[in-house]
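**Q** Got a predicted structure plus its sequence, pasted below:
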Amino acid sequence: MDFNPFIKGGWFNDNHDPSTDGVVGYPKVAEMRTLPDGHKGWYVEGYMLKGSKKADALWDLAQALQKTDRKLGFSVEGRILERDPDDPRHIRKAIVTEVAITKCPVNTGTELAVLAKSLSAGHGISNPGASPGEGFALRTESLEYSEPKRKKKKRKLNKSEAIKLLKALHPHLTDGGAELIVNYAQRNYPAA
C-alpha cells in the first residue's frame, strides 16, 4: 500500500464523507510497524482540526467511548493498482489517498486512540511541533486485520513517566516537545 499521496495531500474524513466539510484532520506519519500484538500493520498518526464541528464532535465521541468497550475505527480510501490474478478479492497494490474515521469499519482491528488516552496507555504523537494551532492529536493502529485485543486496565502515568515514555517511543522528540504534549494533555483532559 502506498500511503505517500495520503501523507502529501490527503485527509482524515468523517465516515467517507466526500464533501469539503467532511474533512476532520490531516496525517503526519504513515508507516509499516510491528504492532503490540506482534503482527505487522500500517500505523498512522495525525491531527484533528479543532474548531471544525465534525472534528470536534468526533473528538467528543472518541473521548466518551474511552469509558466503553466500543471504539471508532478506520477505513482506507484510494485506488487499486493490482489484484491477485488467482484470487481477484486479494489486492496486491493500492494507493491510499484518504482515511475515513468510521463507526463501522470493515476491518474491525482498527482503532482510533486520542492523545489523552494515548499518554495514559503509553503511546503518543511523534511530531508535536508540526501541528499549526491547537489541533487534536490522533493515532490509528493497524489497517491490517488482527483479532481484537482484550483491554487491560492500566495505571495513569505521572508527568515524568509520561515524558520518559514519549521520548522512548519517539527518540527524535525533544524534552521540551514531550513536556508540551504532556502539559497539553494534563491541562485539557485532566480526568482522562
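**A** The structure has been received and is ready for your questions.
**Q** Need the three-state assignment for G46.
**A** Secondary structure for G46, judged by DSSP: H, G, I helix; E, B strand; the rest coil, is strand.
**Q** Which residue, neighbours along the chain excluded, lies closest to it?
**A** P27 (4.0 Å; Cβ to Cβ, 6 or more residues apart in numbering). No exception for glycine: its C-beta is placed from N, CA and C like everyone else's.
**Q** quick one, what contacts that neighbour?
**A** Going by Cβ atoms under 8 Å, 6 or more residues apart in numbering, P27 touches 3, 6-7, 10-12, 44-46, 99.
**Q** Closest to H172 out of the residues you listed?
**A** Nearest to H172 out of these is E45 (Cβ to Cβ; 13.1 Å).
**Q** Report the rounded mean pLDDT for the strand or helix carrying P27.
**A** Element membership for P27 (DSSP states H and E) is strand 23-34. The average pLDDT for strand 23-34 rounds to 92.
**Q** May I have the strands that pair with that strand, each with its orientation?
**A** Sheet pairing of strand 23-34 (DSSP bridges) gives strand 11-14 (antiparallel), strand 40-48 (antiparallel).
**Q** which among the contacts of P27 gets closest to E82?
**A** F3 (16.3 Å).
**Q** Skip the chain neighbours and tell me the closest residue to the closest one.
**A** A30 is the one closest to F3 (Cβ to Cβ, 6+ apart), at 3.6 Å.
**Q** pretty sure the one you found is in contact with Y43, am I right?
**A** Yes. Using Cβ atoms under 8 Å, A30 is in contact with Y43, at 7.4 Å.
**Q** more crowded one of these two?
**A** A30 (21 against 18; other Cβ atoms under 10 Å).
**Q** what is that one paired to in the beta sheet?
**A** Here A30, judged by DSSP bridges, has bridge partners V44.
**Q** returning to what we had before: dump the residue contacts of the residue nearest to F3.
**A** With Cβ under 8 Å, 6+ apart, A30 has these contacts: 3, 6-7, 42-44, 96.
**Q** The same query, at a cut-off of 6 Å, please.
**A** A30 is in contact with 3, 7, 44, counting by Cβ atoms under 6 Å, 6 or more residues apart in numbering.
**Q** roughly how far apart are it and D86?
**A** Taking Cβ to Cβ, to the nearest Å as the measure, A30 falls 29 Å from D86.
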